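Peer 1: I'll drop the sequence and a predicted model, then ask my questions.
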Amino acid sequence: MTDKLGLPVGTTLDRFIMRKQEDFPYATGELSQLLRDIALAAKIVNREINRAGLLDVTGAYGQQNVQGEDQQKLDVIANIRFIRALRNGGEVCTIISEEEDEAIQTGNTKGKYIVAIDPLDGSSNIDVNVSIGTIFSIYRRVSEQGSDGTMDDCLQTGTKQVGAGYIIYGSSTMLVYTTGNGVNGFTYDMTLGEFFLSHPNIFTPATGKIYSVNEGSYNSFPEGVKQYVNYCRDNEYSARYIGSLVGDFHRNLMKGGIYIYPSTAKAPNGKLRLMYECNALAFIVEQAGGKATNGSQRIMDMVPTALHQRCPLFIGSPEMVDKAEEFLKAEVEVN
């Protein structure tokens, strides 16, 4: 396939997924279809975001989600679009969404998969046209098919993920995902309505010069985190933080860096959610050669106890995460 100038445009997401089916000895096409369903919803959400300023879908919706956060209109729209696509696709029996109090039963009792999703990450950036995104995580159900999914299906450790990814809506729209065999990125071509492979075999640098943390909360950070931030400043690292997890993570994944959302006085367990934010990005970063911990424990080894469980997050280039953990460990030893 070629574009209007006769230049090759590469491999489509659909074709790439079909080629990769052989990586899964147990797969019979359902996971591939599930990924296509997510890509379809991403195209629809991308359309809504691109014309948000014209359709009066920016601003607050007037309600709060289960997290106690004010919902934005696009939060609600994205949630509806992804739930509808996953329900209609037929491969998912249960959905965990940031925007819903309880797990959503799709009615597809024969579906083999559970999806945990943050439909639109970075709500505070919607009205100011800064990068936002979608984060998703996929698990195989452990209960018998033929009934609704159970809490055992939903509360699996990150090591049980069979797929995870994110979509970033920015200067271009990209879908980045892994199924446990490396990380690949696809850029959306609106003129053709297709995602094309643009970033094959993504591998994050072992170290970097970027640190991403909300330094406005510095005074309430644990002492070890303060010391690591001071270390970054002393070494003249670049502070880059836009308040959109997907945007900050994507930049650091590509360029090398660390993203930190620690425990604070207001959020002693951290703010990010284990099931549909931390686990998904941890799976991706590990597949790209990076590292993700809560400061002392590997994220994907954490045992979930609630759908909306929170945890601190230190994620990115492995040497930078190791260095941050050194400061945290030193604090524990002093105390």
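Peer 2: Structure received.

Peer 1: mind listing the helices for the protein?
Peer 2: 13-20, 30-50, 52-55, 73-89, 151-154, 223-234, 245-255, 279-287, 318-334 (DSSP state H).

Peer 1: Of these, which is nearest Leu175?
Peer 2: Closest of those to Leu175 is helix 30-50, at 6.0 Å (criterion: CB to CB). From N, CA and C alone the C-beta is placed, and that goes for glycine too.

Peer 1: quick one on the thing from earlier: please identify the deepest-packed of the helices of the chain.
Peer 2: helix 279-287 (a mean of 26; mean count of other CB atoms under 10 Å).

Peer 1: Mean pLDDT and distance to Gln105 added to the helices of the chain, as JSON lines?
Peer 2: Below are the helices of the chain laid out as JSON lines (pLDDT from 0 to 100; distance: least, CB to CB, whole Å):
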{"stretch": "helix 13-20", "mean pLDDT": "87", "distance to Gln105": "26"}
{"stretch": "helix 30-50", "mean pLDDT": "91", "distance to Gln105": "17"}
{"stretch": "helix 52-55", "mean pLDDT": "56", "distance to Gln105": "30"}
{"stretch": "helix 73-89", "mean pLDDT": "92", "distance to Gln105": "10"}
{"stretch": "helix 151-154", "mean pLDDT": "97", "distance to Gln105": "11"}
{"stretch": "helix 223-234", "mean pLDDT": "97", "distance to Gln105": "40"}
{"stretch": "helix 245-255", "mean pLDDT": "97", "distance to Gln105": "27"}
{"stretch": "helix 279-287", "mean pLDDT": "98", "distance to Gln105": "21"}
{"stretch": "helix 318-334", "mean pLDDT": "89", "distance to Gln105": "37"}
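
Peer 1: Of those, which is nearest Ala267?
Peer 2: helix 223-234 (12.8 Å).

Peer 1: List the contacts of the closest one.
Peer 2: 211, 213, 215, 218, 221, 239, 260, 262, 295, 323-324, 327-332 (CB atoms under 8 Å, 6 or more residues apart in numbering).

Peer 1: Got the domain ranges for the chain?
Peer 2: Following automatic domain parsing, the chain resolves into domains at 13-199, 210-334.

Peer 1: Leaving out sequence neighbours, find the closest residue to Lys266.
Peer 2: Spatially, and ignoring its direct neighbours in sequence, Lys266 is nearest to Ser220 (6.7 Å; CB to CB, 6 or more residues apart in numbering).

Peer 1: Contact partners for that neighbour?
Peer 2: Thr264, Ala265, Lys266.

Peer 1: Next one: the closest residue to the second one other than its chain neighbours from Tyr276, what distance?
Peer 2: It stands for Ala265. Counting by CB to CB, 6+ apart, Ala265 lies nearest to Ser220, which is 3.9 Å off, once chain neighbours are set aside. Going from Ser220 to Tyr276 by CB to CB, to the nearest Å gives 25 Å.

Peer 1: Tell me where the stretch 51-200 of the chain is predicted with low confidence.
Peer 2: 52-72 (pLDDT under 70).

Peer 1: ok so, going back, want to try JSON lines for the helices of the chain, with distance to Gln145 as columns?
Peer 2: Supplementary listing: the helices of the chain in JSON lines, determined by distance: least, CB to CB, whole Å:
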{"stretch": "helix 13-20", "distance to Gln145": "23"}
{"stretch": "helix 30-50", "distance to Gln145": "11"}
{"stretch": "helix 52-55", "distance to Gln145": "39"}
{"stretch": "helix 73-89", "distance to Gln145": "16"}
{"stretch": "helix 151-154", "distance to Gln145": "11"}
{"stretch": "helix 223-234", "distance to Gln145": "45"}
{"stretch": "helix 245-255", "distance to Gln145": "32"}
{"stretch": "helix 279-287", "distance to Gln145": "23"}
{"stretch": "helix 318-334", "distance to Gln145": "39"}
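
Peer 1: Quick one: closest of these to Val128.
Peer 2: helix 52-55 (11.0 Å).

Peer 1: Restricting to C-alpha, output stretch 272-284 in CSV.
Peer 2: This file holds the C-alpha atoms of stretch 272-284, laid out as CSV (Å, rounded to 0.1, in the frame of the first residue of the first chain):
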residue,chain,number,x,y,z
LEU,A,272,-2.4,6.1,40.6
ARG,A,273,-4.5,3.0,40.3
LEU,A,274,-2.8,-0.4,40.2
MET,A,275,-5.2,-2.3,38.0
TYR,A,276,-5.7,0.0,35.0
GLU,A,277,-2.7,2.4,35.2
CYS,A,278,0.3,1.0,37.0
ASN,A,279,0.1,-2.7,35.9
ALA,A,280,-0.4,-1.8,32.2
LEU,A,281,2.5,0.6,32.0
ALA,A,282,4.7,-1.7,34.1
PHE,A,283,4.1,-4.5,31.6
ILE,A,284,5.0,-2.2,28.7
